[in-house]
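Trainee: okay, here's the prediction I keep looking at, along with the sequence it came from:
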Amino acid sequence: MSSVLEVRQVSKAYGRTDAVDSLNMDLAEHTIYGLLGRNGAGKTTFLNMITGGIFPDGGEIAVHGNLLKKGDVPTQTCYIREKNFYPNNARVRDVLQMAAAFHPDWDAKFASKLLGTFKLNPRKKMRQLSRGMESMVGNLIGLASRAPLTIFDEPVLGLDVLMRERFYRMLIEDYAEHPRTILLSTHLIDEIATVVEQVFIMESGSILMHEEVEQIRDRAHMISGLGAGLDHFLQGRRVIHGERYGNAGMAVVYGELTEHDHREAASQGLTIEGVPLQKFFAYLIEEGQTDE
Amino acid sequence: MNKMKVQLRVSWLRMKLAVWILLAAIAVSMATGIIVNAALDSDPQQDAQDVAAAVGELREITGNDELQIEVPSEMENVNVSSANMLLTLLPLLAIILPLQTFRPMMNFGDSRRRYFTGLLGVYAVSALLLALVNSLWWPFEQNFVRIYSQTYNLIEVFGWEQFGTVGAFIYQSVFYFFVLTLFNLLFSGLKSPISWIIWTVLIAAIPIGTSIASLRVHVADFFLALLFNDSLINAVGINLGLSLIFIAGAWLFTRRRTF
């Protein structure tokens, strides 16, 4: 698979604060990625850099093989920002018509269908829409653009559960028919776990982890039991979180567990369970901090 | 809809309120002018008596019985031509568009280069349209409006009528484009320290230039060459030459402008 986005050692600082620090990323074609991180992790700054909105202090960005020079905007890319900047006195249908002019693969029929699915009134003005509906207009544009690289920054902000599910469902259905590279930036990890194939976990301007979702599911384990057995079992493993309750305790470890490991844990009276992605993400961010 | 049409649409959406307010202000101004003129015309005898009484009082105060004051035969207020009031759009366009259309266009996925070229296109069309409106209004103003009210128009103030209708239209077009590109330069890079320096230099230039005697003559020469030029070719050259410098400056700001 050829690379859609290549980012090498990209950095961006605001004053003395490093928003993005020597970040590397590769996105292959026809894959859905998740970019996960807490608020202030540098996700939006990074997305603004790869879409030419702001310029990196150092490093290289290449989109579809073309090196992004200062002031350039990548082609064949659709970036749906967290905050919409569509003219607030424009009607929804006008915004869609305007967006279509910038995306050669725009599917007008699909856009009309999505208007119905997302319950958007095309005659309403942007300023009359709720925060959730505003997000939906952006999401609709992102889906109907069919851009080879589509980026959504916090796409479900302000959406209720029903609308969030509708968006994810339409995204998966359309992706199945029209594969492309999609990058979803969010902090609602569990929701996108079924949608994305690979995740980048970002913290303090750097990529903390890049892994396939299935791999994370397979490798993240919560082990609980009595202290002595637990300590013995954890030796030499990557412990990303630990808690102790008197003589008992639990730990979240990241790594492959063999059949032998499972037997050993059972012999020590330890239980092994899976870890919800949201929890794994939270533990990973605070890796190494143990509550005694 | 192509990208240029999108830019025109976004520009209109951003300018709509300002345009309607301006048109309403012009309509109110015209109505007020008609009412005031009608009021002044209503009792010319009373006007003459008031003036005579005032002159009498002045003679008493000064002790000069020969004191005379020339009073125009028709006492009217002089208004700015309505077509000239429309020129308020020039600064409004070049302030609102760079401030309010850059982000929406970038958000749609436009490139800086195409956005800037489109913006210049909007300015060029606006300059031509406003020049056309004033050129068409000018004979109407001379032959009809001035029967009822006293007005002044930039075409006669700057002596552009000497170049004929087409010449006046060309002079206006290039001067309006000059104004648009100047304001565009000032409002394209508000985050840049270089822009702040340009602002400071421009704000300081006129008071300094007019207060120092040796500079005053150059300031006067500059404005004479820009606005009162007796050669249309020179005027076009100076206005467009300066516009090109402003465009180059604004492009330097825009190509590095962040979202």
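Mentor: Arrived safely, thanks for sending.

Trainee: check which helix or strand covers A:Tyr79.
Mentor: Assigned by DSSP states H and E, A:Tyr79 falls within strand A:77-80.

Trainee: so which elements touch that strand?
Mentor: Packing contacts for strand A:77-80, counted by 3 or more Cβ pairs under 8 Å, 6 or more residues apart in numbering or on different chains; DSSP states H and E, involve helix A:131-145, strand A:149-153. Placement of C-beta: from N, CA and C, glycine included.

Trainee: format those as a markdown table; extra columns: distance to A:Val275.
Mentor: As requested, the helices and strands packed on strand A:77-80 are arranged in a markdown table below (distance: least, Cβ to Cβ, whole Å):
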| stretch | distance to A:Val275 |
| --- | --- |
| helix A:131-145 | 29 |
| strand A:149-153 | 26 |
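
Trainee: rewinding a little: now check the helix or strand following the strand holding A:Tyr79, is it near chain B?
Mentor: Using DSSP H and E, the helix or strand that follows strand A:77-80 towards the C-terminus is helix A:92-100. Yes: counting by Cβ under 8 Å from any Cβ of the partner chain, chain B is contacted by helix A:92-100 at A:Asp94, A:Gln97, A:Met98, A:Ala99, A:Ala100.

Trainee: what's the burial count for the closest residue to the third one other than its chain neighbours?
Mentor: In space, A:Met98 comes closest to B:Val6 once its chain neighbours are excluded; the distance is 4.5 Å by Cβ to Cβ, 6 or more residues apart in numbering or on different chains. Around B:Val6 there are 22 other residues, counting by other Cβ atoms under 10 Å in any protein chain shown.

Trainee: let's verify the residue of the stretch 1-150 of chain A found nearest chain B: helix, strand, or coil?
Mentor: Closest residue of the stretch 1-150 of chain A to chain B, Cβ to the nearest Cβ: A:Gly53 (3.3 Å). Assigned with DSSP: H, G, I helix; E, B strand; the rest coil, A:Gly53 falls in the coil class.

Trainee: picking that back up, looking at the helices and strands packed on strand A:77-80, which is nearest to B:Gly109?
Mentor: Among the helices and strands packed on strand A:77-80, the nearest to B:Gly109 by Cβ to Cβ is helix A:131-145 (8.3 Å).

Trainee: work out the gap between that closest one and the centre of the chain.
Mentor: 17 Å (Cα atoms, centre = their mean, to the nearest Å).

Trainee: name the residues that touch it?
Mentor: Contact partners of helix A:131-145, identified using Cβ atoms under 8 Å, 6 or more residues apart in numbering or on different chains, comprise A:78, A:80-81, A:84, A:86, A:92, A:95-96, A:99-100, A:103, A:105-108, A:110-111, A:114-115, A:118, A:120, A:126, A:129, A:150-152, A:155-160, A:163, A:167, A:170-171, A:174.

Trainee: follow-up on the earlier one: what's the strand holding A:Tyr79 in contact with?
Mentor: With Cβ under 8 Å, 6+ apart, strand A:77-80 has contacts from A:47, A:51, A:53, A:63-64, A:103, A:138-139, A:141-142, A:145, A:147-153, A:155, B:109.

Trainee: rounded mean pLDDT for the longest helix along chain A, please.
Mentor: Longest helix in chain A, counting residues (DSSP state H): helix A:161-177. Regarding helix A:161-177, the rounded mean pLDDT is 94.

Trainee: repeat that for stretch B:93-104.
Mentor: For stretch B:93-104, the mean pLDDT works out to 96.

Trainee: how about it: buried residues?
Mentor: Within stretch B:93-104, the residues that count as buried by 16 or more other Cβ atoms under 10 Å in any protein chain shown are B:Leu93, B:Ala94, B:Ile96, B:Leu97, B:Pro98, B:Gln100, B:Thr101, B:Phe102, B:Arg103, B:Pro104.

Trainee: ditto for stretch A:16-25
Mentor: For stretch A:16-25, burial by neighbour count (16+ other Cβ under 10 Å) applies to A:Asp18, A:Ala19, A:Val20, A:Leu23, A:Met25.

Trainee: skipping adjacent residues, who's closest to A:Ser130 in space?
Mentor: With Cβ to Cβ, 6+ apart, the residue lying closest to A:Ser130 is A:Gly158, at 6.9 Å.

Trainee: tell me the contacts of that neighbour?
Mentor: By Cβ under 8 Å, 6+ apart, the residues touching A:Gly158 are A:Ser130, A:Arg131, A:Gly132, A:Glu134, A:Ser135.

Trainee: kindly report the same for B:Leu240.
Mentor: B:Leu240 sits next to B:Val174, B:Phe177, B:Phe178 when contact means Cβ under 8 Å, 6+ apart.

Trainee: most neighbours among those residues, please name it.
Mentor: Each of those was scored for neighbours by other Cβ under 10 Å, and B:Phe177 scores highest at 25 neighbours.

Trainee: residues from chain A in reach of chain B?
Mentor: Counting by Cβ under 8 Å from any Cβ, the residues of chain A near chain B are A:48, A:53-55, A:70-73, A:77-79, A:81, A:84-87, A:89-90, A:94, A:97-103.

Trainee: any idea what A:Leu23 is bridged to?
Mentor: A:Val10 (DSSP bridges).

Trainee: and the strands in chain B?
Mentor: With DSSP state E as the criterion, chain B has strands at B:78-80, B:150-152.

Trainee: quick one: closest of those to A:Val10.
Mentor: Taking Cβ to Cβ, strand B:78-80 is the member of the strands of chain B nearest to A:Val10, at 55.0 Å.

Trainee: buried sites along the closest one?
Mentor: Buried residues in strand B:78-80, defined by neighbour count with 16+ other Cβ under 10 Å: B:Asn79, B:Val80.

Trainee: now what about it, what contacts it?
Mentor: Contact with strand B:78-80 is made by B:Ser29, B:Gly33, B:Ser149, B:Gln150, B:Thr151, B:Tyr152, as judged by Cβ under 8 Å, 6+ apart.

Trainee: alright, I will stop here.
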